[in-house]
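1. This is a predicted model, with the sequence first.
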Amino acid sequence: MTAPFFTQKDPIKYRKGKGLSYRWYDPDKVVLGKRMEEQLRFAVCYWHSFTWPGGDAFGGETFNRPWMHTADEMEGARQKADVAFEMFDLLGVPFFAFHDRDIAPEGASLAESNRNVREIGELFAKKMEKSKVRLLWGTANLFSNRRYMAGAATNPDPEVFAYAAAQVKNVLDLTNELGGANYVLWGGREGYETLLNTDMKRELNQLGRFLNMVVEHKNKIGFKGTILIEPKPKEPTKHQYDFDVASIFGMLKQFGLENEVKINIEQNHAILAGHTFEHELALATALGIFGSIDINRGDYLLGWDTDQFAMNIPEMALACYYIFRAGGFTTGGFNFDAKIRRQSIEPDDLLEAHVASMDACARGLLIAEKMIKDATLDTFVEDRYAGWGGKEGKAILAGKRSLDDLSDYVLKKKLDPQPKSGKQEYLERLLNEYL
Ligand code: XUL
Ligand code: CO
């Protein structure tokens, strides 16, 4: 018996109770027209919290979780589910997210692996009857097994493509049955290690076909959730095709999927792509393909995906500003794709991490609310483009002016447009006032 695993016994509440409490995350507080819980839609991720053993490139397991050392792996998977639901209920989070291989061991054949995933899926369904936690998204792990070393959908071998498709079918069906709000595709190894052995045109077409098959299956089974793609520029491969929001948008257009698929943006991946988190958020909302986020933080001094719990309040404020000024989430949410450090070996460190990061996000939301309500920033940006609301500006955008027309216009009016200050330092001071 693994549960109770945590020393914390009482559900964690806003500024109440013994032990841990939320200082800022008040689920019932109405922010920008909705309860905080409904705005932020927090999800615990199964993989980092319960399946990652604490290893790094130089050393193995540090956590010694009991469910990772059972003689019967399925017994371990059931114990892990007990602990996961214990944590969901202690935190009071509204959602969780999983990969097929985090929740159940891979079997000797796909049929056995599918059965293992389904058995744990049934256990989830039973536990969800007693818990308020819902499924934010499911996904298939198409990157750990060696069969996927050269990619899943972009593999040179169509049998690997078929295997990946079969795995996705099983998890998409399960996600649908569990009432999941989304299904995520992260192209773990959809990229290349060396161009010397790679036919990029072929691989991109394979990826396009795969994505279309996922959407076709979603429609066939009547899945009401959103299909999301998660960009990441590199790691594990040298170059990944789903590099960032801009390149995914191009791909979706190419494959005719721009109205079918949305994006799950991860903070750490944005940084690896050389962008800020808010750049990716602002672009996705501008293009109408914003779906959800994986919330964590990278280390600005390290060039890899450290997946630390997000704690930086100014960063969360800006992220929330761009998410909520565009209306916030529909099916998406804040998924904690974050892991505690490998020295954080006490069970309650998992709770501390989530509580601290939920508070940081809640503070970010409260700051964003001030920024949105006050609207000084928005008004400044609107004024900056005010000229486009005039007769000529409108005519240009409506396609009613040619280069000839504009040349005549400038010459006739003797135009000599004067530059205006971009006021960056004023805007940065303004931002600091809200914090
Ligand atoms: C990997 C990553 C994934 C996806 C889901 O960097 O972020 O865990 O979130 O496969
Ligand atoms: Co992620």
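-> Happy to help now that I have it. Numbers count the residues shown, from 1 in each chain. Ligands and ions are numbered 1, 2, ... in the order given.

2. where do the strands sit along the stretch 51-200 of the chain?
-> 95-99, 134-139, 182-186, 191-192 (DSSP state E, counting those that start in this stretch).

3. Let's see the longest one as CSV, backbone CA atoms only.
-> Taking C-alpha atoms only, strand 134-139 is exported to CSV below (Å, rounded to 0.1, in the frame of the first residue of the first chain):
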residue,chain,number,x,y,z
ARG,A,134,-11.0,16.2,-14.9
LEU,A,135,-8.7,15.3,-17.8
LEU,A,136,-7.2,18.4,-19.5
TRP,A,137,-5.5,16.2,-22.1
GLY,A,138,-4.1,12.9,-23.0
THR,A,139,-1.2,12.2,-25.4
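
4. now for that strand, which elements pack on it?
-> strand 95-99, helix 110-130, helix 158-177, strand 182-186 (3 or more C-beta pairs under 8 Å, 6 or more residues apart in numbering; DSSP states H and E). For every residue, glycine as well, the C-beta is placed using N, CA and C.

5. Tell me which of the strands of the stretch 51-200 of the chain approaches ligand 1 most closely.
-> Checking those against ligand 1 by C-beta to the nearest ligand atom gives strand 182-186 as the closest, at 3.5 Å.

6. Now do the buried residues in the closest one.
-> Buried residues in strand 182-186, defined by neighbour count with 16 or more other C-beta atoms under 10 Å: 182-186.

7. Next: stretch 20-35.
-> Here stretch 20-35 shows 20, 22, 24-27, 31-32 as buried, counting by 16+ other C-beta under 10 Å.

8. Run through the residues of the stretch 251-400 of the chain sitting next to ligand 2.
-> Contacts of the stretch 251-400 of the chain with ligand 2, taken as C-beta under 5 Å from the ion, map to 266, 294, 337.

9. Look at the second one and report its pLDDT.
-> It stands for residue 294. At residue 294, the model reports a pLDDT of 98.

10. tell me the contacts of it?
-> 45, 230, 264-269, 335-337 (C-beta atoms under 8 Å, 6 or more residues apart in numbering).

11. let's go with 6 Å and repeat that
-> 266, 335, 337 (C-beta atoms under 6 Å, 6 or more residues apart in numbering).

12. now swap in the last one and tell me
-> Residue 337 makes contacts with 45, 266, 294, 296, as judged by C-beta under 6 Å, 6+ apart.

13. Also the first one?
-> Residues in contact with residue 266, defined by C-beta under 6 Å, 6+ apart, are 294, 337.

14. With the one 4 residues further on instead?
-> With contacts taken as C-beta under 6 Å, 6+ apart, residue 270 has the following neighbours: 277, 280.

15. Centre of the chain to the strand or helix carrying it, how far?
-> For residue 270, the element it lies in under DSSP states H and E is helix 267-272. Distance of helix 267-272 from the chain centroid (C-alpha atoms, centre = their mean, to the nearest Å) equals 11 Å.

16. Ok, stretch 120-137 next?
-> Counting by C-alpha atoms, centre = their mean, stretch 120-137 comes out at 20 Å from the chain centroid.

17. And stretch 267-274, by the same measure?
-> 12 Å.

18. cool, stretch 304-319 as well?
-> The answer for stretch 304-319 is 13 Å, by C-alpha atoms, centre = their mean.

19. right, is that stretch up against ligand 1?
-> Yes - looking at stretch 304-319 against ligand 1 by C-beta under 6 Å from any ligand atom, the contacts come from residue 305.

20. residues in contact with that stretch?
-> 235, 268, 277-278, 295-299, 338-339, 353, 357, 360-361, 363-364, 367-368, 435.

21. Among those residues, which lie within helices?
-> Secondary structure from DSSP state H places 268, 277-278, 353, 357, 360-361, 363-364, 367-368 of those in helices.

22. Make TSV out of those residues and add neighbour count and pLDDT.
-> Below are these laid out as TSV (neighbours: other C-beta atoms under 10 Å; pLDDT from 0 to 100):
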residue	neighbour count	pLDDT
268	24	96
277	24	97
278	19	97
353	21	98
357	23	98
360	22	98
361	27	98
363	19	98
364	28	98
367	20	98
368	25	98
